[in-house]
Each structure stands twice: as C-alpha cells, then as structure tokens.
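Colleague: Pasted the sequence and its predicted model underneath.
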Amino acid sequence: MINVLTAILNENINYKLKEYEKLNLKYDDIQYEEGLIEILENNSTDVLIISSMLFKNKNIERLLKLINKDGIVILIKLKEEIFEEYDNLIQIDNNTEDEIINNIVDIIRKRFDISINKISSINYLKEENEKIKNELEILKNKIEQKSENKIIKKIKKLIAKKEICIEENKDKTLKKGKIILITGTNQSGKTVLTSLIGSKLSEKEKTLVIDMDFINKNIITLFNKKKFNKKEDKNILIKINDNLELISDLDIVINDYKTNVCEKLDILITQLLYKYEYILIDFEVEDKNTVNKYILNKADKIIFLIEGNLLNIKKAQKILEEITRIINKNKVQIIVNKNNKNFIEKEIIENLLNFRITYLIKYSDNFDKFINSNGSYKFENKNIKNFINIIKN
C-alpha cells in the first residue's frame, strides 16, 4: 500500500482518491499547516499531495524532509505560478478534478512501478452505507421518541417544584419551534446580529433569545435589562416586547455543571420549543464548556459568522474543523459579516474554508444606532431581510 496524505482544500478529490486500490488515505484533507506537519512527523508518508494555496516555496523544502526517503510531494499549482525544482517534487497544474486525479494516479503508478485500478465494488459499498445510515436514522428516531416521553414527565415534575417558572403549554396542537444557533469567531458581531434578528422576527413571531456566551453576556446590556437574581426573581425569562423574551443568565439556573447539565438543559429547551416559533442562541463556541456538543446537535440550523480578513479566516478554519467533528458540515451556513471593500474575495474565502459562503452582510451605521438605542431603533435593511429569509428557510 502507498500511504497518501492530502492538503489540497478539496474534499471531493480526497474522497475520489479513496476509490483507487493500493492508495491508503488515512486522513481526510488536512486544512491547516500545523496539523499537516504534526501528522507527517508521526506517520509514514509515501506521497504528499499539497495545494499552492496552502504552501509556498519556503515551506516545501521542510515538507520534503518529513516524507519517506523514496517518497514524493505532488504540488497542485496555478499555471502562472513558479516554484523551485526539487528531485522529489512533482508539479502539476490546477485543472479539472478528473484531470488532477488522473494525473496524480499516473504519477504514483510510474514512481512506484505498480498497477492501480479503481475498486470495482465502490458503488456497492456506497449503497450498503446508505442502507446502514437509513437503518441507524430509524433507530435514532425510535430512541428519541422514548426519550421525549421521559423528558415530558421530568418537565412536569420540575414545574410542580417551581424549578422552572414557565407556563405549561396547554395547546398540544402547536407546532414545535426551531432552534437557530448563531456563533462564529470572536468579535464577528454575533451578539448584535442575534439581538437584531430576534427583534425583527418578533414583529410577527413569538421569539426567544438565549445568551449562551457565558463569558461576556452582552445581550442583556444591549437591551438595558437587569441581571437575573436567583433569590429575588421567580422567572428567568426577561420580557423585551410582547413577542420577544430573553434568557441571559442560563448558567446560574444550570450551574450544577458537575451533574447532568445537558439533561437539565434538554428538559428546559424541549419545553421552550413548544412556546416559541424561534429560539435564537448566541453561542460562544470557543468557550469549550460542557454543553458544546449538546447545543451543536440540538440546533436546527447553525449560522457561523466570520469577518473577511486573513487572521479571522485562519481562526475560523480551526473552529470549523472542531465543529465538523461533531456535526455534519451541511448543517452550517457561513455568513461574512461587516463586509466591506477591503475584505478578501468571497471565492478565495470559500477555497480557504472549504465551505460555501451563504451570504454577505454589509457594514452599516444602523447597527451602531441599534446598539446605542438599547435595541429600540427600527430600520429597514435589505441585508437583514434576506438574512431573516435564510433563517426561516
């Protein structure tokens, strides 16, 4: 077997290479330099396939030293790019995916003097995988139904004990609401956007905003409301307007982190879903607390905000890599916030993150007016209207 490692910002090529016999791809496409170097230092690699988008001249010599003695580095580059020549470096042009794959396979065949064919049973394996996935989904739904019945019983007990001061929903025909998680890199504007979208949605729908940025807790400041006092206040819900409510100090209510925090949180959120049409959660994903995995899985949609500068994108790469270890990447929608003419172009950001950009929100002075008016300033904005449609659909 030929041990192959890829760092090409193209999961599709990485997946298709796995269809060839004798090619052993132990890792998915590596997205950042530090991780690649660590893997090379600790694993035997015969062929390293890299993209010029990640590595430049100064890095390649180091990578050549980390692969096996008779190994090679295949560099996928743009036609106009010029790189130094090395004995074990083979440069190919960045053409179509099929051309790149055929080129790579031919190079490995000749270099190692072996025959490499596509695995004939790959389609059969895909079908079997789909069957297994479907069976697991059916099993998961059955387990969730049983769990939900248990949770409802627990909710009723907690309400009776007044541990959760929320009116029980008498109308069992009401549609279950949606959980929209708004997160992203630090200072990307998630708190302002969560508050603004909550205000806009509440013009027609019953909406709840939950501040799960336990470090900063800025939403309560933005709306100019007082902090929840466990001794004095009976209800953790803070009324912003007739259709909008806020939970700011959830960590105080579920502060027994050592015991069943996710179970307690699940009971609370399950009940809230039948009261509100939308639950918006401002979530600090970089705060690696106990509830990270639970919240990411519970959300119906995850909005991930970034800014279009190099440092912010690099930070986003690492966070998104951690998130996609927990959930399917299709659940995540990338939004470039505070967009301006100095930001990196959309197509380049998509290549760097290996994610499609869903939407760009332009910077506006109206956002500052909204903050400084404690959320009372009303304004019409095409960007925000379109963003609300993304959340609803």
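Modeller: Looks like it came in fine.
Colleague: Poorly predicted segments of this protein, please.
Modeller: 56-58, 120-132, 135, 140, 142-175, 230-231, 233-234, 253-260, 287-290 (pLDDT under 70).
Colleague: Please, where are all the helices along it?
Modeller: 11-17, 33-42, 57-66, 97-112, 122-160, 190-201, 219-222, 250-253, 261-272, 292-298, 310-326, 346-353, 365-372, 382-392 (DSSP state H).
Colleague: Any idea how many residues pack against N297?
Modeller: Neighbourhood size, N297 [other Cβ atoms under 10 Å]: 11. C-beta: built from backbone N, CA, C; applies to glycine.
Colleague: which residues touch it?
Modeller: 326-327 (Cβ atoms under 8 Å, 6 or more residues apart in numbering).
Colleague: any idea how far it is from I326?
Modeller: 7 Å (Cβ to Cβ, to the nearest Å).
Colleague: is the nearest residue to N103 once chain neighbours are set aside in a bridge, and if so with what?
Modeller: Of all residues not flanking N103 in the chain, I92 sits nearest, at 5.0 Å (Cβ to Cβ, 6 or more residues apart in numbering). Beta-bridge partners for I92, by DSSP bridges, are I76.
Colleague: Show me how the record splits the protein into domains.
Modeller: Structural domains annotated on the chain: 2-112, 123-163, 164-392, as defined by automatic domain parsing.
Colleague: Spit out the contact partners of the residue sitting furthest away from the middle of the chain.
Modeller: Largest separation from the mean C-alpha position in the chain: D113, at 41.9 Å (Cα atoms, centre = their mean). With contact set as Cβ under 8 Å, 6+ apart, D113 has no partners.
Colleague: ok, it to I2 distance?
Modeller: From D113 to I2 the distance is 11 Å (Cβ to Cβ).
Colleague: Could you verify my assumption that T45 touches K69?
Modeller: No - the criterion here is Cβ atoms under 8 Å, and T45 misses it with K69 at 11.1 Å.
Colleague: So for those two, which residue has more residues nearby?
Modeller: Per other Cβ under 10 Å, whichever of T45 and K69 has more neighbours is T45, with 23 against 6.
Colleague: related to what we said a few turns ago, for the residue nearest to N103, give me its contacts.
Modeller: Contacts for I92 (Cβ under 8 Å, 6+ apart) come out as 74-77, 100, 103-104, 107.
Colleague: quick one: buried residues of stretch 73-92?
Modeller: Applying a neighbour-count criterion of 16 or more other Cβ atoms under 10 Å, one finds 73-77, 88-92 buried in stretch 73-92.
Colleague: Just the endpoints, please. Distance across that stretch?
Modeller: 11 Å (Cα to Cα, to the nearest Å).
Colleague: so how far is it off the chain centroid?
Modeller: Averaging C-alpha positions (Cα atoms, centre = their mean, to the nearest Å) puts stretch 73-92 33 Å from its chain's average.
Colleague: ditto for stretch 306-322
Modeller: That offset, for stretch 306-322, works out to 11 Å (Cα atoms, centre = their mean).
Colleague: Run through who's touching it.
Modeller: Stretch 306-322 is contacted from outside by 31-32, 184-188, 285-286, 304, 329, 332, 334-339, 342-344, 346, 349, 352-353, 355, using Cβ under 8 Å, 6+ apart.
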